[in-house]
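Colleague: Dropping the sequence and predicted coords here.
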Amino acid sequence: MKPNFSRREVLKGLGAVGTSLLIDPVPVKAFKAPAMLMQRTIPSSGEKLPVVGLGSWQQFDVGSSADERNPLRDVLKKMNELGGKVVDASPMYGRAEQVIGDLSAEIKLNEQFFFATKVWTSGRQEGIDQMNASLKKMKRTKLDLIQIHNLLDWETHLKTLKDWKAQGKTRYIGITHYTDSAHSRLEQIVKSKSVDFVQFNYSIRSRNAEKSLLDAARDNGVAVLINEPFEQGALFRATKGKQLPDWAADYGIKTWAQFFLKYMISHEAVTCVIPGTSDVKHLVDNLGAATGKLPDANTRKMMVKYIETL
């Protein structure tokens, strides 16, 4: 993966207070209604999930010190308080699984979250060993979703995952990738109807998934998780110092993060978007996109056109 530039780093570079107000997240106290979070249905089961979750790549790969872990503990607590559920991890993300498991257990919320992790290795037994390690790290006897990370040895792991699902070790199984070049392969697997979830990259500027992958997931009853929603911070750099269009307020959009997220959420095939953050204010900002009116087809075109003019 490419280097990540956080929203915090982008905001820090703005300097002027008047400009930062245009994209700073809304205050934590301004959003207190978990019941208002929009939800989408997992097609294979009918279970509903909030449309905004939490990614953990880099943000949760920290040590054991209080300075490193306290902000993340606060993020998980606030997420639960506001009605969020989906937390996405992977063995690829360093210590993220362990940190998530430790902190969620400490605050006695471990079973309240929808834990999604991945298998990221080659070989059947290696995959089994890694998934068992994930269960231990995340302090679960059953995971909600296990995905095959970046399609690595996917045919081998898919057989194991089907067995694990039948045995009750995972509730759902899926596949992931983060590049446009993998979309055709993801679509082929989605059409085989052998997975419950597919996770891939999609954003207001990176719209390759709109060509056919999103429709294929919807038409074949596969839930969709979206990664790279902010293009690793590139969208915030592109909109630095820029004002939101006046009509964004019609959709309850108060920040650029909500602008970007509402674009993705407004596609009916998207089940949940998983932006990563280690900041409570950013979490609250992101979850704010899961409330209020969604853009319609014409407004989505306006959103793309506006971004393209910046």
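Modeller: Sure thing, it's come through. Numbering: from 1, shown residues only.

Colleague: So what does the most centrally placed residue in the chain look like in phi/psi?
Modeller: For the chain, Ile274 is the residue whose C-alpha lies nearest the centre (CA atoms, centre = their mean; 1.0 Å). Phi and psi for Ile274, reported as degrees, to the nearest 10, are phi -120, psi 70.

Colleague: Could you report the pLDDT at it?
Modeller: As predicted, Ile274 sits at a pLDDT of 98.

Colleague: likewise Met36?
Modeller: For Met36, pLDDT reads 82.

Colleague: mind checking how far it is from Pro50?
Modeller: 10 Å (CB to CB, to the nearest Å). (Each C-beta comes from the backbone N, C-alpha and C, glycine too.)

Colleague: same thing with Gly174?
Modeller: Taking CB to CB, one finds Gly174 at 18 Å from Pro50.

Colleague: What segments of the stretch 151-300 of the chain are helices?
Modeller: 154-167, 183-191, 213-219, 234-238, 256-265, 280-288, 297-309 (DSSP state H, counting those that start in this stretch).

Colleague: Would you mind giving those helices as a markdown table with mean pLDDT, mean neighbour count and distance to Glu228 added?
Modeller: Formatted as a markdown table, the helices of the stretch 151-300 of the chain follow (pLDDT from 0 to 100; neighbours: other CB atoms under 10 Å; distance: least, CB to CB, whole Å):
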| stretch | mean pLDDT | mean neighbour count | distance to Glu228 |
| --- | --- | --- | --- |
| helix 154-167 | 98 | 17 | 20 |
| helix 183-191 | 98 | 18 | 13 |
| helix 213-219 | 98 | 19 | 14 |
| helix 234-238 | 97 | 18 | 9 |
| helix 256-265 | 98 | 26 | 10 |
| helix 280-288 | 98 | 24 | 14 |
| helix 297-309 | 97 | 14 | 16 |
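
Colleague: For Asn110, which of those is the nearest?
Modeller: helix 280-288 (18.2 Å; CB to CB).

Colleague: by how many degrees do that closest one and helix 256-265 diverge?
Modeller: Counting by axes from the mean of the first three to the mean of the last three CA atoms, to 10 degrees, helix 280-288 lies at 30 degrees to helix 256-265.

Colleague: other SSEs contacting helix 280-288?
Modeller: Here helix 280-288 touches helix 66-81, helix 256-265, going by 3 or more CB pairs under 8 Å, 6 or more residues apart in numbering; DSSP states H and E.

Colleague: Tell me what angle the first one forms with helix 280-288.
Modeller: Put plainly, it is helix 66-81. Interaxial angle of helix 66-81 relative to helix 280-288 (the same axes, to 10 degrees): 20 degrees.

Colleague: State the next helix or strand along the chain beyond helix 66-81.
Modeller: Next along the chain after helix 66-81, taking DSSP states H and E as the criterion, comes strand 86-88.

Colleague: That next one: how far from the chain's middle?
Modeller: 7 Å (CA atoms, centre = their mean, to the nearest Å).

Colleague: Same question for stretch 262-282.
Modeller: So, by CA atoms, centre = their mean, the centroid of stretch 262-282 is 6 Å from its chain's centroid.

Colleague: what's the span of it, first residue to last?
Modeller: 15 Å (CA to CA, to the nearest Å).
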